[in-house]
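[1] Curious how this folds, go ahead:
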Amino acid sequence: TLLRWASAWSNPWYRFAMDEDVQWASGHAIDPRVDQFDLTNDNLNWCDAQMRISNTILNSIANRFKRSGASHDVYREAFEVALFPAFRCSRVAWHYIGGEALSRAHFGDPQSVAPLTPVSRKESLRAFAFLDEHLFSTTAWNMQPSLLRQLVYSEWVTDLPAPNWAYNPPLRHDEPIAQIAEGLQAQTLQSLFNPVLLQRLDDSSLKYNGRSAMSLSDLFSWTQDAVFGDLSGRNANAMGEVHRSLQQYYTRMLAQMLLAPRAGTPFDAQSLARAQLVALRADARTAKRRPGIDAMTNAHLASLESVADAALSARMAVPPPLSGDTP
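    Numbering: from 1, shown residues only. Modelled structure (predicted):
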C-alpha cells in the first residue's frame, strides 16, 4: 500500500521532498523547486513581481508617512520591511545555478522520469540575470538620497515599559545601506562558489550533452561580466561605493581560489579563477588610462590591478599530490 501511494510521486499533486533537500548552505540541496515558504511553480517570476512591489514601496515611503508630530522610526521600519524581498529572492535565484530536478519515482512508476534532470541553461541564465539586475549591477542599490537622509531612529520612544532604543542604540544613526548591500552580495557569491556547487557544475559535462545544462565556465563568465563589465565602458566613474566594494570582494575571492582554495574546489575552478584575474588585470589597466577618471575611481582601479597582480605573481612551492588525493 505504501509503495502504491509513493508511486504517485510524478503527479505534481503528490510530490514530496525530504528536509535534507533544503540544505542549501552545505551544497547538498540541488532542486530549486524544493524550498520553504514557496507555493508557486515559477518562483523567479514571483520574485520579479516582489521586487517591483519592493521598489514601488521604497520610492513612495516619503509620501506614505507624513503625520505631523510622528518620529522617523516608521520610515526606517518600512524601509527594512521593503528590503526583505531582495534577501528572500536572491536566495531563490541562486538555487537555479548548477541546479538539477530530483525525481523520487521508482522503476515502473507512472510517468516516471530520470532521477536527475538538469535545470536548463536558459533557466539558469534567467536566474543569474535576476541576480545581476537586483543584486550585482551598478544600479541595483540606487536609493533616493532624500529617503536615506530620513532613516534615523528616536533616542527615546514612547512604547514603555520597554522602549526600543533606550540605553541600547544601534552603532550608527543612519541606515548602513552600503554595508547591508555588500553583506548580501558577499553571502550570495560565497553560495555561488561553494566547492560542492562548483563540483556539480564541473561534473555536468559528464552527465549532460551539449549546451543543455549550465557549465562551470558559464558561472565564471557570467559573474565576471556582472561584476566587472563596466570596466570596459567609457564611464567607469559612474560606479558607486557598493559596486566598488563588490569588485574588491570578488577580486579577493578569485585570488583566494587561486592561492588558497577551499577544500573540495575543483582544479578547473582554480584554472578559471586564474584566467579571470588575468582578464581583470588587463581591464583595470585599460580603464585607468581613459581620460576623465576621478581620484576615487583611479585609486579603486589601481587596487584591483594590484590585488590581481599580486595573486598572479605569487611564488609558492606546490607539492605533488599524494596518492589517492582528490581536489
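[2] looking at it, Leu44 is touching Ala129, isn't it?
    No: counting by C-beta atoms under 8 Å, Leu44 sits too far from Ala129 to count as a contact (9.5 Å). For every residue, glycine as well, the C-beta is placed using N, CA and C.
[3] Show me which of those two is the more surrounded one.
    Shown here are Leu44 and Ala129; by other C-beta atoms under 10 Å, Leu44 has more neighbours (18 against 15).
[4] Check the offset of the helix or strand hosting Ala181 from the chain's centre.
    Using DSSP states H and E, Ala181 sits within helix 177-192. In terms of C-alpha atoms, centre = their mean, to the nearest Å, the centre of helix 177-192 is found 7 Å from the chain centre.
[5] What of stretch 273-285?
    For stretch 273-285, the separation from the chain centroid amounts to 21 Å (computed by C-alpha atoms, centre = their mean).
[6] sorry, back to before: which helices and strands does the helix holding Ala181 pack with?
    Packing partners of helix 177-192 (3 or more C-beta pairs under 8 Å, 6 or more residues apart in numbering; DSSP states H and E): helix 73-94, helix 216-228, helix 241-259.
[7] go again using 7 Å as the cut-off
    Helices and strands touching helix 177-192, by 3 or more C-beta pairs under 7 Å, 6 or more residues apart in numbering; DSSP states H and E, are helix 73-94, helix 241-259.
[8] Pick out the shakiest of these, pLDDT-wise.
    Among those, helix 73-94 has the lowest mean pLDDT, at a mean of 91.
[9] So for it, what gets flagged as buried?
    For helix 73-94, the neighbour count (16 or more other C-beta atoms under 10 Å) marks 73, 75-76, 78-79, 82-83, 85-86, 88-94 as buried.
[10] how about those, which pair is most distant?
    Asp73 and Trp94 (32.9 Å; C-beta to C-beta).
[11] Confirm Val196 sits in a strand?
    No: Val196 is assigned helix when assessed by DSSP: H, G, I helix; E, B strand; the rest coil, not a strand.
[12] How about it, nearest residue that isn't a chain neighbour?
    Leaving out its chain neighbours, the residue that sits closest to Val196 by C-beta to C-beta, 6 or more residues apart in numbering is Gly27, at 2.8 Å.
[13] Helix, strand, or coil at the one you found?
    Gly27 - assigned by three-state DSSP - is coil.
[14] That one: how many residues sit nearby?
    Gly27 has 17 neighbours, counted by other C-beta under 10 Å.
[15] cool, and Asn55?
    By other C-beta under 10 Å, neighbour count at Asn55 equals 14.
[16] Low-confidence regions, the stretch 101-250 of the chain specifically.
    155-168, 234 (pLDDT under 70).
[17] redo that, cut-off 80
    154-170, 210-211, 233-238 (pLDDT under 80).
[18] Burial check on the residue lying closest to Trp222 once chain neighbours are set aside, number of neighbours?
    Nearest residue to Trp222 in three dimensions, chain neighbours excluded: Phe128, at 5.0 Å (C-beta to C-beta, 6+ apart). Per other C-beta under 10 Å, the neighbour tally for Phe128 reads 23.
[19] ditto for the one 10 residues further on
    Thr138 is surrounded by 17 other residues when neighbours are defined as other C-beta under 10 Å.
[20] do you know how far the closest residue in space to it that isn't next to it in sequence is from His300?
    Excluding the flanking residues, the one nearest Thr138 by C-beta to C-beta, 6+ apart is His243, at 4.8 Å. For His243, the distance to His300 (C-beta to C-beta, to the nearest Å) stands at 10 Å.
[21] same thing with Ala279?
    Between Ala279 and His300 the computed distance is 17 Å (C-beta to C-beta).
[22] These two: who's more crowded?
    Neighbour count, other C-beta under 10 Å: between Ala279 and His300, His300 has more, with 23 against 15.
[23] What number of residues are in the vicinity of the nearest residue to that one once chain neighbours are set aside?
    With C-beta to C-beta, 6+ apart as the criterion, His300 has its nearest non-adjacent residue at 5.0 Å, and that residue is Arg244. Neighbours of Arg244 under the rule other C-beta under 10 Å: 20.
[24] got it, and Pro321?
    Neighbour count for Pro321, taken as other C-beta under 10 Å: 10.
[25] Would you verify that it is located in a helix?
    No: Pro321 is assigned coil when assessed by three-state DSSP, not a helix.
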